[in-house]
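In: Take this sequence and fold it.
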Amino acid sequence: MNLVLATDDAGGPEIFASVQGEGPSAGEPTAFMRLSRCNLCCVWCDTAYTWHFDGDERPHRGGETYDRKANQVTRAVEDVAARIEALGQRRLVVTGGEPMLQAPALAQLLAALPDLTVEIETNGTALPPPKLDVWVDQFNVSPKLAHSGNARDLAIVPKVLRTYVSDGRAVFKFVVAEPSDVEEVRELVRAHALPRGRVFVMPEGTDSNTLRARQEWLVPLCLEHGFRLSDRLHIHLFGDTRGT
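Out: As a prediction, this is how the structure comes out:
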């Protein structure tokens with residue numbers, strides 16, 4: 001079975017070791033694997049090279065499309081597992097793109113790496129099948145708000161969110177760009193009974209100045225509404241670059 005991955009700057013699969021930059025495990029030494037393809041199209045997506053290929057007319061603020069052959073690579077599960085093991089890390093973050101689009105192959109991969117602590121970063125529109133679910137220690141669920149440009153009925157799937165709410169492994173991370181976005185987060189928290197202690201809000205931005213400017217108004221809103229703040233540590237450390 002094969003996995004379809006994003007590429008790094010050298011054209012190989014984007015599998016690398018770094019520190020987790022977001023959410024409750026920020027700062028943890030981690031192996032990362034970035035998969036290709038997504039079912040949503042966020043206009044501010046900072047990994048558009050995983051889905052915004054030539055011929056894709058869905059909007060993205062950068063306006064750039066990417067050559068699929070240069071930005072997408074297929075590798076056997078066994079090869080991917082060997083590359084991850086070679087990094088020598090105890091934690092694995094599976095990101096994308098949207099990992100749930102490759103659930104069968106991903107389940108096979110994780111079964112070959114049973115000793116790793118596994119986080120899956122997902123947009124929360126689909127659930128893992130049982131063969132995948134059994135290997136996951138944490139779901140980083142990131143429902144997309146209106147400013148992402150996605151239609152609400154595509155980005156917010158109530159039945160799926162309810163299932164993640166009932167799963168103690170799931171945390172919820174919302175990307176915000178304006179103070180009004182936090183009001184939308186509050187609405188979703190109320191509508192879907194999201195546990196506030198597992199709700200993170202994170203400023204959208206791909207440079208330190210933007211992140212810091214948005215944190216100035218975001219921190220008081222976190223204090224007011226009881227949400228947790230997530231920074232983007234990797235941006236401060238490495239900038240907006242692949243393989244970091």
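In: going forward, measure contacts and count neighbours with C-alpha atoms only.
Out: Will do.
In: now the residue nearest to the spatial centre of the chain, which residues is it bridged with?
Out: By Cα atoms, centre = their mean, the chain has its centre lying nearest to E121, at 3.9 Å. Beta bridges link E121 to N140, judged by DSSP bridges.
In: Tell me who's in contact with it.
Out: V93, V94, T95, G96, E98, P99, F139, N140, V141, S142 (Cα atoms under 8 Å, 6 or more residues apart in numbering).
In: Counting neighbours, what do you get for the third one?
Out: What it means is T95. Residues lying near T95 (other Cα atoms under 10 Å) number 19.
In: show me what contacts it?
Out: With contact set as Cα under 8 Å, 6+ apart, T95 has these partners: F32, M33, R34, L35, I120, E121, T122.
In: which secondary structure elements does the longest helix that the chain contains contact?
Out: Taking DSSP state H as the criterion, the chain has its longest helix at helix 208-225. Contact here means 3 or more Cα pairs under 8 Å, 6 or more residues apart in numbering; DSSP states H and E; on that basis helix 208-225 packs against helix 179-192, strand 199-203, strand 228-229.
In: ok so, going back, now render the contacts of E121 as a markdown table, adding distance to A107 and pLDDT.
Out: As requested, the contacts of E121 are exported to a markdown table (distance: Cα to Cα, whole Å; pLDDT from 0 to 100):
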| residue | distance to A107 | pLDDT |
| --- | --- | --- |
| V93 | 14 | 98 |
| V94 | 11 | 98 |
| T95 | 14 | 98 |
| G96 | 15 | 97 |
| E98 | 14 | 98 |
| P99 | 11 | 98 |
| F139 | 14 | 98 |
| N140 | 17 | 98 |
| V141 | 18 | 98 |
| S142 | 21 | 98 |
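In: could you pull out the strands for the chain?
Out: Along the chain, counting by DSSP state E, strands occupy 2-6, 15-19, 29-34, 72-76, 91-95, 117-122, 138-141, 170-176, 199-203, 228-229.
In: Put together TSV for those strands, with distance to H192 on each row.
Out: Output for those, formatted as TSV (distance: least, Cα to Cα, whole Å):
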stretch	distance to H192
strand 2-6	32
strand 15-19	31
strand 29-34	29
strand 72-76	35
strand 91-95	24
strand 117-122	17
strand 138-141	13
strand 170-176	12
strand 199-203	12
strand 228-229	18
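In: Which stretch among those approaches A213 most closely?
Out: Counting by Cα to Cα, A213 lies closest to strand 199-203 out of the strands of the chain; the figure is 9.1 Å.
In: Rounded mean pLDDT for that closest one, please.
Out: Throughout strand 199-203, pLDDT has a mean value of 98.
In: between it and helix 208-225, how big is the angle?
Out: 150 degrees (axes from the mean of the first three to the mean of the last three Cα atoms, to 10 degrees).
In: Direction included, what does strand 199-203 pair up with?
Out: In its sheet, strand 199-203 lies beside strand 170-176 (parallel), strand 228-229 (parallel), with partners assigned from DSSP bridges.
In: Can you point out the buried residues in that strand?
Out: Buried residues in strand 199-203, counted by 16 or more other Cα atoms under 10 Å: V199, F200, V201, M202, P203.
In: wait, doesn't the second one sit right on F172?
Out: By that I understand F200. Yes: assessed by Cα atoms under 8 Å, F200 is found in contact with F172 at 6.0 Å.
In: in this protein, which segments are predicted with low confidence?
Out: Residues of the chain meeting the criterion pLDDT under 70: none.
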